[in-house]
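1. Here is my input, please return the structure:
(chains A, B and C)
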Amino acid sequence: MLSKDQIELAIATMQEKYPQARTSLVADTDFHFLLAVILSAQATDKSVNLVTPALFSRFPTPNDLAQVTATDVKPYIKTIGLYRNKARYLVACAQKLVTDYGGVVPAQREELVKLPGVGRKTANVVLSERFGVPAFAVDTHVSRIAKRLQIVAADASVTLIERKFMDSLPPEKWLDAHHALIFWGRYWCTARQPHCATCPLLNICAYGQEQAK
DNA sequence: ATCCCGAGGG
DNA sequence: CCCTCTGGAT
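-> Residues are numbered from 1 along each chain as shown, chains lettered A, B, ... in the order given. Coordinates of the predicted model:
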C-alpha cells in the first residue's frame, strides 16, 4: 500500500505531465452539464460532446425535456452506448427536476442521487465541477489507477477508493487530483497497454514492475 | 451479479 | 476481431 506522501507525490507527477487536465464536457448550464455527465456513463466524452449541441438546442430547459418521451430523445443520442436507458433517464430526470426541484439542479448529493440516472459518481462530478462542493468522483480510470498503484486493494469498493483519496489530500486539491487521474488513465495508464516501461511512477508501482518482467 | 450498447482504438 | 469508454438500475 502507498503511504499518504506517496499518494500526494503520485498525483503531483500526474499533474506535471497533464497540467491542462480538466473536464472536457461542454455545457453552459447546470442542467445541461448534468445531462452531459449522465450521458458520459461508459462513453467517451468526445462521443458525448458530439451529440449534446443538437440535444441542448432542442431541449434548453428541464421543462422542454420533461414534456417529451424517451422515444423523442433517442434519435439525438443514438450514437452513444446505452442510449435506450439514457434516453429514459434524461426524460425522467427532467421531469423530477420540474416536479420536485422547481427546474433547478440541486446542489446536495443526497438530492442529486434521487434523480434517475444519477448515481454517486455523477453526483460527485456535478457537485465538484458546477457547485464548488468538495467531492471526489471515482470512475473507471480512478479505480483502475488506485488499484494498479495499490493505493487500495484489488477488491476495494468505489466508496473506499473515494475515502482513500479524500483522506490523502486536502479538499481544495480534490478536483484537480481527480482531473489528473482521469487524464493519466485516459492517455498514460490506459486500461490496455499502459506505458509502464517509461512510467515515472514505476518505482512505486507494483503493477508496472510486474509488467516490465 | 447482470444487463445495457455504439463508436473508436489496437 | 476484441476491449474500453469519467455508470446506474435491477
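2. buried ones in the longest helix anywhere in chain A?
-> Of all the segments of type helix in chain A, defined by DSSP state H, the longest one is helix A:83-101. Using 16 or more other C-beta atoms under 10 Å as the test for burial, helix A:83-101 gives A:83, A:86-98. For every residue, glycine as well, the C-beta is placed using N, CA and C.
3. What is the neighbour count of residue A:40?
-> For residue A:40, the neighbour count with other C-beta atoms under 10 Å is 23.
4. tell me the contacts of it?
-> Residues counted as contacts of residue A:40 (C-beta atoms under 8 Å, 6 or more residues apart in numbering) are A:25, A:48.
5. returning to what we had before: can I get the CA coordinates of whichever helix or strand comes after the longest helix of chain A in CSV?
-> Downstream of helix A:83-101, the next assigned helix or strand under DSSP states H and E is helix A:109-112. Presented in CSV, the C-alpha positions along helix A:109-112 are these (Å, rounded to 0.1, in the frame of the first residue of the first chain):
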residue,chain,number,x,y,z
ARG,A,109,-25.5,14.8,-3.1
GLU,A,110,-28.5,13.2,-1.3
GLU,A,111,-30.8,15.1,-3.6
LEU,A,112,-28.8,14.6,-6.8
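6. Does DNA strand C have contacts with helix A:109-112?
-> No - shown here: helix A:109-112 not in contact with DNA strand C (C-beta under 7 Å from any atom of the strand), separated by at least 8.9 Å.
7. Now do that helix: which elements does it pack against?
-> helix A:120-130 (3 or more C-beta pairs under 8 Å, 6 or more residues apart in numbering; DSSP states H and E).
8. I figured residue A:95 hits residue A:63, correct?
-> No - using C-beta atoms under 8 Å, residue A:95 is not in contact with residue A:63; the gap is 9.7 Å.
9. How is chain A divided into domains?
-> A:4-21+A:136-211, A:30-130 (automatic domain parsing).
10. can you redo those as a markdown table with distance to DNA strand B and mean pLDDT?
-> Below are the domains of chain A laid out as a markdown table (distance: least, C-beta to the nearest atom of the strand, whole Å; pLDDT from 0 to 100):
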| stretch | distance to DNA strand B | mean pLDDT |
| --- | --- | --- |
| domain A:4-21+A:136-211 | 5 | 97 |
| domain A:30-130 | 2 | 98 |
